[in-house]
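>>> 3D, please:
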Amino acid sequence: MRVCSLAPAATATVVALGADPDLVGVTHNATVDVDAPAVGGWLNPDYDRLDALDPDVVLTGDPLQRDVRDELRERGHAVHHHEPSRLDDVLAGFAARGEAVGRAEAGEELAAAGRERVAAVEAAVADAERPRVYCEEWDDPPMAAGNWVPDAVRVAGGEHLLVPPGERSREVERAAVEAADPDHVVAHYCGRGGRGERSTPDFEARGWAVDADVHVLDDALLNQPSPALLDGIESLAERLHPDRFA
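Numbers count the residues shown, from 1 in each chain. Predicted coordinates:
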């Protein structure tokens, strides 16, 4: 199949499925290396260039790409759009993406392997005390992570704060974070990859009274509904419960 992926998570999933040779186009936001030309950004693709690639299927995801999805369908493209909001949705999406790109068996295997990894982490921390965890997806303004991140924290043996599972990430005030009194802060700022001087929250500069262990993760490990999220869950569990993963 000729596959064009306009979502970084979809591109990473296609690679994990072993279907990357089928990619004929991606966005310049892709977080994995693939041998396919870029067709613009994930929110502003070059539709004429994409038309010229003549893909059999175009992959999109996230509510922010609904307009892109609709424009593609109006232009006659077959689009597979997947909007996960919980961890179970992410895992089920591996199978759905696999079927969409002609790799149904690989998709089922990837989903099953993901569930096994989740179960293994859950078993390792099942009887551990659960620390309180504030996950910050963005710093200006401060945004508490939602969607599947609360599920990821639960699996990793923590108590997620401020945003219920499945709800969108939201802006938070200093008073709310201070009142939540987190034991751990996890910074996973979109687009920064866990690198650079602005990757770590500067609570002192903000005037926030937060006394917690701070961890910086590559944003793809928690923000991206791809197999990278399994790596993120394992990495988070190691930080919350280092004694269980020595």
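>>> Return the distance of the helix or strand harbouring residue 71 from the chain's centre.
Assessed by DSSP states H and E, residue 71 sits inside helix 66-74. Relative to its chain's centre, helix 66-74 lies at 22 Å (Cα atoms, centre = their mean, to the nearest Å).
>>> Over to stretch 142-159?
With Cα atoms, centre = their mean as the basis, stretch 142-159 stands 11 Å off its chain's centre.
>>> for the lengthiest helix in the chain, what is the average pLDDT?
For the chain, the helix with the greatest residue count under DSSP state H is helix 104-124. Regarding helix 104-124, the rounded mean pLDDT is 98.
>>> helices and strands around that helix, which ones?
Applying 3 or more Cβ pairs under 8 Å, 6 or more residues apart in numbering; DSSP states H and E, we find helix 104-124 packed against helix 87-100, helix 149-155, helix 228-240. (Each C-beta comes from the backbone N, C-alpha and C, glycine too.)
>>> Show me what the strand ranked longest in the chain is packed against.
If you go by DSSP state E, the chain has its longest strand at strand 132-139. The criterion is 3+ Cβ pairs under 8 Å, 6+ apart, and the helices and strands that strand 132-139 contacts are strand 142-144, helix 149-155, strand 159-160, helix 174-180, strand 184-187, helix 220-223.
>>> so what's residue 48 up against?
Counting by Cβ atoms under 8 Å, 6 or more residues apart in numbering, residue 48 makes contact with nothing.
>>> Now name the helix or strand holding it.
Judged by DSSP H and E, residue 48 forms part of helix 47-53.
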